[in-house]
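> fold the following, please.
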Amino acid sequence: MLGDYLFTCNVNEMALAHSEHGGDTYYYYFTHRASMQTWPDWMGVLHGYEINFIFGEPYNTARFQYSKEEKELSSRFMRYWANFARTGDPNKNPDGTYTVDTWPPYNAQSMEYMNLTVESDYSTGSKRIGSGPRRKQCAFWKNVVPSLLSVSADIGESFIRWKKQMDVWQNEYITG
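Now for the predicted structure:
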């Protein structure tokens, strides 16, 4: 929930703005809970945990015991990032061929993103390509929470006025 508010919703808005201003935009959402992750399960996948995969940590077998699938995920990350740095397209390999899993560009119409996780997650129901990550949750943070805050701000001011009036009443009529 906090990750939605602090990261996902803001990245959604930034990706939308970037694509609407003509920038080639590729959005990913990292959903794999690494076998080496030490945080409790209820915390889910933490912000920044994909960095280990981008820089190939699963291949450091002297220090870590990642699974074969996690090594494959790391290879996909490195390939996408290298392709993007080289060509501006994460799908285009150095030899001119394209990756098997096509990462669609993000735009306002489709809001498509690549869900980056291990292959077995796809076979158990995770989608490879999604649309607008956590849109419902972000609508909650963008629309519902500000409304609640504005209502509660009014209640706070009303409470302060009531408290002052109560203090006057107590001083004049009860203790006075």
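
> drop to CA atoms for contacts and neighbour counts, all remaining ones
Noted.

> now do the SS call for Tyr113.
Using DSSP: H, G, I helix; E, B strand; the rest coil, the structure places Tyr113 in strand.

> contact partners for it?
By Cα atoms under 8 Å, 6 or more residues apart in numbering, the residues touching Tyr113 are 26-29, 103-106, 129-133.

> go with 10 Å
Contact analysis of Tyr113 by Cα atoms under 10 Å, 6 or more residues apart in numbering lists 25-29, 103-107, 128-133.

> tell me the bridge partners for it.
Gly130 (DSSP bridges).

> roughly how far apart are it and Phe7?
15 Å (Cα to Cα, to the nearest Å).

> residue ranges with poor pLDDT in the protein?
Along the chain, segments meeting pLDDT under 70 span 1-6, 145-146, 148-156, 169-170, 173-176.

> ok, 90 please
1-18, 22-24, 27, 29-31, 33-49, 99-102, 108-111, 113-176 (pLDDT under 90).

> where do the helices sit along it?
Assigned by DSSP state H, the helices in the chain fall at 2-3, 9-20, 51-54, 68-87, 119-123, 135-139, 145-169.

> most tightly packed of those helices?
Counting by mean count of other Cα atoms under 10 Å, helix 68-87 has the highest mean neighbour count of the helices of the chain, with a mean of 18.

> what about it, distance to the chain center?
Distance, stretch centre to chain centre, for helix 68-87: 19 Å (Cα atoms, centre = their mean, to the nearest Å).

> next: stretch 14-34.
10 Å.

> ok, now stretch 81-96?
With Cα atoms, centre = their mean, you get 24 Å for stretch 81-96.

> neighbouring contacts of it?
By Cα under 10 Å, 6+ apart, the residues outside stretch 81-96 that reach it are 24-26, 54-55, 75-80, 97-105.

> let's see that stretch as CSV, backbone CA atoms only.
Provided in CSV are the C-alpha atoms of stretch 81-96 (Å, rounded to 0.1, in the frame of the first residue of the first chain):
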residue,chain,number,x,y,z
TRP,A,81,18.8,-2.8,-20.4
ALA,A,82,21.7,-3.3,-22.8
ASN,A,83,19.5,-3.2,-25.8
PHE,A,84,17.8,-0.1,-24.6
ALA,A,85,21.1,1.7,-23.9
ARG,A,86,22.4,0.6,-27.4
THR,A,87,19.3,1.3,-29.5
GLY,A,88,16.6,3.0,-27.5
ASP,A,89,14.5,-0.2,-27.8
PRO,A,90,14.7,-2.9,-25.2
ASN,A,91,13.6,-5.5,-27.7
LYS,A,92,16.2,-4.9,-30.4
ASN,A,93,19.3,-7.2,-30.1
PRO,A,94,22.8,-6.1,-31.3
ASP,A,95,22.4,-8.4,-34.4
GLY,A,96,19.2,-6.7,-35.4
